[in-house]
Structures are given as structure tokens and as C-alpha cells.
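Asks: can you look at this prediction? I've put the sequence above it.
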Amino acid sequence: MKYKMAAKNEKEDLEFNKNDDAMRLSISKMKRMLNDIALGGGLKRIKKHKAKGKLTARERIDLLIDEESNFLELGAFAGQGMYKEYGGCPAAGVIVGIGYIKGRQCMIVANDATVKAGAWFPITGKKNLRAQEIAMENRLPIIYLVDSAGVFLPMQDEIFPDKEHFGRIFRNNAKMSAMGIPQIAAIMGSCVAGGAYLPIMSDEALIVDKTGSIFLAGPYLVKAAIGENADKEELGGAAMHSEISGVTDYKMPDDQTCLSTIRDLVDKMGSFENAGFDRAKPRRPKKDQKEIYGIFPESRTKPYDMKAILERLVDESKLTYYKEGYGQTILCAYARIDGWAVGIVANNRKVVKTAKGEMQFGGVIYSDSADKAARFIMNCNQKKIPLVFLHDVTGFMVGTRSEQGGIIKDGAKMVNAVSNSTVPKFSIVLGNSYGAGNYAMCGKAYDPRLIVAWPSAKIAVMGGSQAAKVLLQIQMASKKAKGEEVDPKTEKALYDKIKGRYDEQTTPYYAASRLWVDAIIDPLDTRKVISMGIEAANNAPVEKFNPGVIQT
């Protein structure tokens, strides 16, 4: 079924339908990719896994969380297109997300043993660390469903020794324990070598009989190291660890009983004092959310009215705009999303006319826009209102007039406010997120609690065509300096090659595969992501805001 607003003319009507078709095709592509990723190591390996009496990682999560509740999967595209020489690493070999267990939000981390026996690639470590970071920031209980062969040895130098590598996981286990964040680990398959510390550094450990095992060295390594013959059960089986070593706390007959027991344990947990973010009764937007598909342009260079998008995201389509007539290329507004009070900072892609009669290009941050946004961010911190950033930005305005007007100072003011903001921040990348605009709008480097992208997102220093032109000029100048002549055909081929490579690197899938964003979502899921994110953030206290040195 097609949805469309009442258009002023036939041309607008056609444009709306064209945009709608493009967005639906993008979402369809995204869902096909997610379906493939959900197969993990493939049907053959799934069959082999289940023949051992084990559930798959996704089946385990389905049984663990409350029926018909939301599960916000994070990092599904992690590893996409990477490690081709090793056969790939779908979802980084680990399923991560926020789910509800007995009505309580928990971070869930489940190894997918159908992907290289659950071995840890570099991106696996990065994804696990991101899960722990989210749990620590929001004081979420974390549940580990362990089924892993340990570090992927051919890439050990990229996962084992550095600060943000494998060992950081165990450091975080200890930190979370000190913070009072509950950690429960279920050993549902292999748990080998250094990886054995993760479940045992958790507060409670369960182990599944006959399929679960945990030891520092397996039978082959023990034989090689000390000449002892010992089987898997003797070294680290459920009976040994539950009845002799005392390493594990609960011996479980099967996956199903193990997951049911975890639910019972979570059910008895006490609650933290919440942060006190304001929430009213949730209301649906008055304007049809599905119209977003037609409003948002297929072309990333076309202007559109961001207000029309916002009216389809917020409760009752009601917004209170801050300094509405000033700095119009950024919109700042108070609203509610699923009942939660939020402060919204959104790039406006309309071409606007200032009171002085000057034209400002949409998607560009000008001095007045940066100044307004910085002040609004400070206001939200003072009032303890979570911030939502909607990216569609090409960067800050350049040129002599802007430089002389102090664009660097005003941009620094906004970046400072974002950096020192202590209320939870959530970033949604709708379209472009280029250069310093990404920083000012709370890109990944600025600690958003969650950062997600629409299928239309592009993240880079600049757009593909601009970057290709800059790089081409540099290469042409280098060739001319060497006395080489380049004909127009060769020049065009070089430009197309540079642009093609750059365009590939700006896609949301490239960003998501490297965890620059936590997820790629259907625009219609934006409200759910923000609401679940604020619910999680409400578990943790907010520090007093200190803006640092901000020149006014």
C-alpha cells in the first residue's frame, strides 16, 4: 500500500512516490542482508550444531527474553564484507542486543558457534567491548551465553595484546562487578584458554551438562604440555566444575533449563535508583509515520523540510522550537518520543533566508546555527533532558566570509557543548554525516549511548564526488610535476576509480561492519530505538554538567 501526503502539484506527487519507492527498496535490501546474516555459518553448520543437542545463539536469545517483547539487536552488520580470506565472519560471530527478561532490560551477548566455532576475530572483540560499554553506561545487567573456541589464532596479533583487545573484556568484567552491575554467564559450549576467565569473572556461572566445558587448556594441549591424558569432561566438564572444583554455580541438564534458570535469577534482582528522566503517557504521532518514506529524498543533494520528518517521529507531532527564526540550518526543539521528554538537534536541509536577506544552504552548519545548538545543548543538560541528534549534514560553512565571521570558534563552541554534555545522547544518521559536522552532531567519537543509521545514511570526511575531485587534483598535480601528460579519458577513468572506492566507504553497511554505528534500522523503528535507549539510560545517574571553556 502506498502512502502519500496531499501534494501541491503533480510534480510533488511524483517526487514523493519516487522517494517512497527508493526507501522501500533500500529497506528490502537491508532485510535480505539481515536474513542472510541470521544464518550465521550456514545451514550445514547449524544442522551440525543442533545435532549436539544445542540451540543456536538466536534460538537461545528467543527463549531467554520475554515473549513478544522487543529485542534491539546491535552490531548485526559487524564484520560484513570483512575477513573474506577466512570465509567471512557474519555478525562478528556473536549476537548482541538489549532485551527484556522478566520485564527488565538486559544486555545479552551470545556467541554463535556456527561461525568458526565461535572464535574471536578482531571485530568480535570490538563488538563485545561495545556491548560492555553500553551495559556500563546504563547499568544494565549483562548475560553472556558462552560457546566459543577462543581467539581466532591466525589473527591473534590483532585481537590479543592491545588496550582495546581481548584482555579488556576481563578488565571490564572486574569494573562492572565493582559498579554493582549484575553479570550472569552460561557456559553452553566450549570455553577455552583466556576466554575461560569471562564466565568465572561474572557474578554467577551456569554450565550445561555434556555440551558445556571450561578449561585453560584442552586435552591436546595438556598432552603436549605435560604429557597427561585427560578427556574433556575430566578437564572441564559440568560435573567436575559443579561437584569438584566449584568453579560453576549451577549444573544444567540442557539449554532450555539453563535459559529458564537465568530468567529466574534475573527475576530476583533489585533495581537501581533511576536518573529521573521525565516520561508522560506515550502518544502516537498525529501525522502518518509511513510518509517519512516519501518525504525523505532519494538524492542526497536535494533539499527537504526536516520539520516534516520530526512531526512524524514525535508524540502527537508536537514540537516546541527553540530560537526558531535564528540559525535555521539547525533545528532545536523540545518534544516527547514514546512519552519520554527529549531535546532534539536536527540538521535542516531547506535553503533558508535570514532576517538580513542572506541565503543559507541546507545541511550546512553556519555560525548562528552552531551558537544556537550549543546553547540548547546546555539548556537540556541543566533541565536533565536526554538529547537526540538527527544527522543530515555536509559540514560547516567555508569561505572567507565564514572564516572572518569566526566559524571555527562557533563550531568549537558546539563541539565543546556536545563533548561535555552529561545527559544521555542518541544519534540517528538519516542522510549525510560528513567531516566536522559528524563531530558537532555527536558522531561515534562523542559517546552517544546509541548511534544508528537509516539505509540512506552516508558517513565520511566528505561526499564521494568532492573527495574524488580533491584527490584527483592532487594526483594530477603530482603527475604534471613529473612531466607526465594525462589525456581526458585517463583522467576520467582515474576520477571514476577514486569515486567508486570512496562511495563504497561511505555506505551505512561499511560503517556498520566496522561498528561506527550500532545498527542500520528502518526509519519506522526510530521511535522504538530512542525509547528503549532512554529507558536503559534511566538506570544510571547523570553527572553535573560542566561546560568547560565555551566562548560566547
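Replies: Yep, that arrived. Keep in mind that this is a model prediction, so the values were computed, not measured.
Asks: pretty sure Gln328 contacts Ser369?
Replies: Yes - at 7.3 Å, Gln328 counts as touching Ser369 under the criterion of C-beta atoms under 8 Å. To be clear about C-beta, it is placed using only N, CA and C from the backbone, and glycine gets the same treatment.
Asks: of these two, who's got more company?
Replies: Neighbours per residue, other C-beta atoms under 10 Å: of Gln328 and Ser369, the larger number sits with Ser369, 30 against 21.
Asks: residue contacts, Lys251?
Replies: Leu206, Ile207, Asp209, Ala238, Ala239, Ser242, Glu243 (C-beta atoms under 8 Å, 6 or more residues apart in numbering).
Asks: if we go to 7 Å?
Replies: Ile207, Asp209, Ala238, Ser242 (C-beta atoms under 7 Å, 6 or more residues apart in numbering).
Asks: in JSON lines: the residues you listed, plus distance to Tyr446, secondary structure and neighbour count.
Replies: Formatted as JSON lines, those follow (distance: C-beta to C-beta, whole Å; DSSP: H, G, I helix; E, B strand; the rest coil; neighbours: other C-beta atoms under 10 Å):
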{"residue": "Ile207", "distance to Tyr446": "41", "secondary structure": "strand", "neighbour count": "29"}
{"residue": "Asp209", "distance to Tyr446": "47", "secondary structure": "coil", "neighbour count": "17"}
{"residue": "Ala238", "distance to Tyr446": "45", "secondary structure": "helix", "neighbour count": "23"}
{"residue": "Ser242", "distance to Tyr446": "46", "secondary structure": "helix", "neighbour count": "19"}
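Asks: pull the most distant pair out of the residues you listed.
Replies: Asp209 and Ser242 (8.6 Å; C-beta to C-beta).
Asks: my guess is Asp20 is in a strand, correct?
Replies: No - according to DSSP: H, G, I helix; E, B strand; the rest coil, Asp20 belongs to no strand; its state is helix.
Asks: can you pull the pLDDT of Ala477?
Replies: Listed pLDDT for Ala477 reads 78.
Asks: tell me which element it falls in.
Replies: Ala477 belongs to helix 464-481 when elements are defined using DSSP states H and E.
Asks: send the alpha carbons of the helix or strand that comes right after that helix over as PDB?
Replies: Next helix or strand after helix 464-481 toward the C-terminus (DSSP H and E): helix 488-505. Output of helix 488-505 as PDB, limited to C-alpha atoms (Å, rounded to 0.1, in the frame of the first residue of the first chain):
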ATOM      1  CA  PRO A 488      40.900  13.500 -20.600                       C
ATOM      2  CA  LYS A 489      39.900   9.800 -21.000                       C
ATOM      3  CA  THR A 490      42.600   8.600 -18.500                       C
ATOM      4  CA  GLU A 491      41.700  11.500 -16.200                       C
ATOM      5  CA  LYS A 492      38.000  10.400 -16.200                       C
ATOM      6  CA  ALA A 493      39.000   6.800 -15.500                       C
ATOM      7  CA  LEU A 494      41.100   7.800 -12.600                       C
ATOM      8  CA  TYR A 495      38.300  10.000 -11.200                       C
ATOM      9  CA  ASP A 496      35.700   7.200 -11.500                       C
ATOM     10  CA  LYS A 497      38.100   4.700  -9.800                       C
ATOM     11  CA  ILE A 498      38.600   7.100  -6.900                       C
ATOM     12  CA  LYS A 499      34.900   8.000  -6.600                       C
ATOM     13  CA  GLY A 500      33.900   4.300  -6.700                       C
ATOM     14  CA  ARG A 501      36.200   3.400  -3.900                       C
ATOM     15  CA  TYR A 502      35.100   6.400  -1.800                       C
ATOM     16  CA  ASP A 503      31.400   5.800  -2.400                       C
ATOM     17  CA  GLU A 504      31.800   2.200  -1.200                       C
ATOM     18  CA  GLN A 505      33.400   3.500   2.000                       C
END
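Asks: buried residues, helix 488-505. List them.
Replies: Leu494, Tyr495, Ile498, Lys499, Tyr502, Asp503, Gln505 (16 or more other C-beta atoms under 10 Å).
Asks: which two in these are spaced the farthest apart?
Replies: Leu494 and Gln505 (17.2 Å).
Asks: show me what the helix or strand containing Val415 is packed against.
Replies: Val415 is part of helix 407-420 when elements are defined by DSSP H and E. Packing partners of helix 407-420 (3 or more C-beta pairs under 7 Å, 6 or more residues apart in numbering; DSSP states H and E): helix 367-383, helix 435-440.
Asks: in TSV, list these along with distance to Ile46 and mean pLDDT.
Replies: Compiled in TSV, the helices and strands packed on helix 407-420 are given as follows (distance: least, C-beta to C-beta, whole Å; pLDDT from 0 to 100):
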stretch	distance to Ile46	mean pLDDT
helix 367-383	46	96
helix 435-440	38	94
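Asks: so which of the ones you listed gets nearest Asp249?
Replies: Going by C-beta to C-beta, the one of the helices and strands packed on helix 407-420 nearest Asp249 is helix 367-383, 42.2 Å.
Asks: direction included, what does the helix or strand just after that closest one pair up with?
Replies: Next along the chain after helix 367-383, taking DSSP H and E as the criterion, comes strand 387-393. Looking at strand 387-393 with DSSP bridges, its partner strands are strand 340-347 (parallel), strand 425-434 (parallel).
Asks: quick one: mean pLDDT for the last one?
Replies: Right, the one you point to is strand 425-434. Strand 425-434 carries an average pLDDT of 97.
Asks: swap in stretch 239-247?
Replies: Mean predicted lDDT for stretch 239-247 stands at 93.
Asks: go on, stretch 40-57?
Replies: 97.
Asks: hmm, who's touching the helix holding Val415?
Replies: 365, 367, 370-371, 373-374, 377-378, 396-397, 436, 439-440, 442, 446, 545-548, 550-551.
Asks: got the angle for that helix vs strand 425-434?
Replies: 150 degrees (axes from the mean of the first three to the mean of the last three C-alpha atoms, to 10 degrees).
Asks: could you dump the strands paired with strand 387-393 to CSV with distance to Gln466 and mean neighbour count?
Replies: Below are the strands paired with strand 387-393 laid out as CSV (distance: least, C-beta to C-beta, whole Å; neighbours: other C-beta atoms under 10 Å):
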stretch, distance to Gln466, mean neighbour count
strand 340-347, 17, 25
strand 425-434, 9, 26
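Asks: tell me what the helix or strand of the chain with the lowest mean pLDDT is packed against?
Replies: When the helices and strands of the chain are scored by mean pLDDT, DSSP states H and E, helix 464-481 comes last with a mean of 77. Under the contact definition 3+ C-beta pairs under 7 Å, 6+ apart, helix 464-481 sits against helix 488-505.
Asks: which pLDDT value goes with the residue of the chain most remote from its centre?
Replies: Going by C-alpha atoms, centre = their mean, the residue of the chain most distant from its centre is Gly483, 48.1 Å out. The pLDDT attached to Gly483 in the predicted structure is 80.
Asks: again, but for the one 10 residues further on
Replies: The pLDDT attached to Ala493 in the predicted structure is 82.
Asks: again with the one 5 residues further on
Replies: Among the per-residue scores, Ile498 shows a pLDDT of 81.
Asks: residues touching the closest residue to it other than its chain neighbours, list them.
Replies: Computed as C-beta to C-beta, 6 or more residues apart in numbering, the closest residue to Ile498 that is not its neighbour in sequence is Ala468, at 4.3 Å. For Ala468, the contact set (C-beta under 7 Å, 6+ apart) comprises Tyr495, Ile498, Lys499, Tyr502.
Asks: could you list the low-pLDDT ranges of this protein?
Replies: 1-8, 194, 548-552 (pLDDT under 70).
Asks: please enumerate the helices of the stretch 251-400 of the chain.
Replies: Using DSSP state H, counting those that start in this stretch, the helices of the stretch 251-400 of the chain run over 255-267, 292-295, 306-310, 367-383, 400-404.
Asks: so which of the ones you listed gets nearest Asn35?
Replies: helix 292-295 (20.8 Å).
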